[in-house]
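*Asks:* Can you look at this prediction? I've put the sequence above it.
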Amino acid sequence: MGGSNLEVFKVGSTIYCQQQQLNSAVWNVPPPGTSPQPPGLRLTWTRYIMFPIAVMYYFGTNLDNRFHVAGFWPNENQTHKIPHERDEIKNELQRLQRKRLEKRAARMELEPLENKEE
């Protein structure tokens, strides 16, 4: 019983193979199981598509261990602190004003000396 059904599939696959061979002869299409591209095209595809993907995968995984430089980013104690409270902001503004006035006073002391030399 099973043998007769299998014969139908054999005939159908034979007809399919004959149609593929006919199509490949008429339309210049390679038969199934062969590569449709010449070897140079496969190399180009590998070069321009797969190589960048492989590089991105290699360098994109485990970045912390690969490119870790100890002490590159400053610690929280080494960075500036932004004032949030009203008193802190007021103190910071006073400090900046004092610093600006000190620089201005130093500049004013040097300016008369520069004018006398000329």
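*Replies:* Cool, got the structure.

*Asks:* Neighbours of residue 105, how many?
*Replies:* Per other C-beta atoms under 10 Å, the neighbour tally for residue 105 reads 9. To be clear about C-beta, it is placed using only N, CA and C from the backbone, and glycine gets the same treatment.

*Asks:* and it, what is it in contact with?
*Replies:* If a contact means C-beta atoms under 8 Å, 6 or more residues apart in numbering, then residue 105 has no contacts.

*Asks:* ok, and the closest non-adjacent residue to residue 66?
*Replies:* residue 59 (7.4 Å; C-beta to C-beta, 6 or more residues apart in numbering).

*Asks:* so what does the helix or strand containing that neighbour touch, helix or strand wise?
*Replies:* Assignment of secondary structure by DSSP states H and E places residue 59 within helix 51-60. Applying 3 or more C-beta pairs under 8 Å, 6 or more residues apart in numbering; DSSP states H and E, one finds that helix 51-60 contacts no other helix or strand.

*Asks:* buried set for that helix?
*Replies:* Buried residues in helix 51-60, counted by 16 or more other C-beta atoms under 10 Å: none are found.

*Asks:* just to revisit the earlier point, what pLDDT does the residue nearest to residue 66 get?
*Replies:* pLDDT recorded at residue 59 is 82.

*Asks:* again, but for residue 88
*Replies:* 94.

*Asks:* mind checking how far it is from residue 99?
*Replies:* Separation of residue 88 from residue 99 (C-beta to C-beta, to the nearest Å) stands at 16 Å.

*Asks:* can you check residue 69 too?
*Replies:* From residue 69 to residue 99 the distance is 33 Å (C-beta to C-beta).

*Asks:* Looking at those two, which has the bigger crowd around it?
*Replies:* residue 99 (10 against 6).
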